[in-house]
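Asker: have a look; sequence and predicted model below, questions after that.
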Amino acid sequence: MSINCNFCGKNEKEVLKLFKGNEAYICNECVDLCNEITEDLAEENKKEFMSNLGFLKKKIEKLENDLRITKNNPSF
């Protein structure tokens, strides 16, 4: 009986390694693909985080500046 990857369907002779889970098998090629997808998502999240961080930094600088103006000009 041949064991197949439950994700791509390749059998144990077509791949380098099959990993056994509780109820499924996954081959090294599908694991590699999942890792690539995860890395791409992590990079996208990093770019979005850095963009938001830049926006927040500018917002904080503006608030600090407004606070200085208010402290220096109490009637403002």
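Answerer: Noted; the coordinates are in hand.
Asker: from here on, just use CA atoms for contacts and neighbour counts.
Answerer: Will do.
Asker: what's near enough to touch residue 27?
Answerer: The neighbours of residue 27, taking C-alpha atoms under 8 Å, 6 or more residues apart in numbering as the test, are 5, 10, 15, 16, 17, 18, 19.
Asker: widest-spaced pair of those?
Answerer: When the contacts of residue 27 are compared pair by pair using C-alpha to C-alpha, the two farthest from each other are 10 and 19, 12.5 Å apart.
Asker: quick one: which of those two has more around it?
Answerer: For residue 10 versus residue 19, the count of surrounding residues by other C-alpha atoms under 10 Å is larger for residue 10: 18 against 12.
Asker: so how far is the helix or strand that contains residue 65 from its chain's centroid?
Answerer: Of the helices and strands defined by DSSP states H and E, residue 65 is found in helix 28-72. On the basis of C-alpha atoms, centre = their mean, to the nearest Å, helix 28-72 sits 12 Å off its chain's mean C-alpha point.
Asker: pLDDT value on residue 75, please?
Answerer: Model confidence at residue 75, expressed as pLDDT, equals 66.
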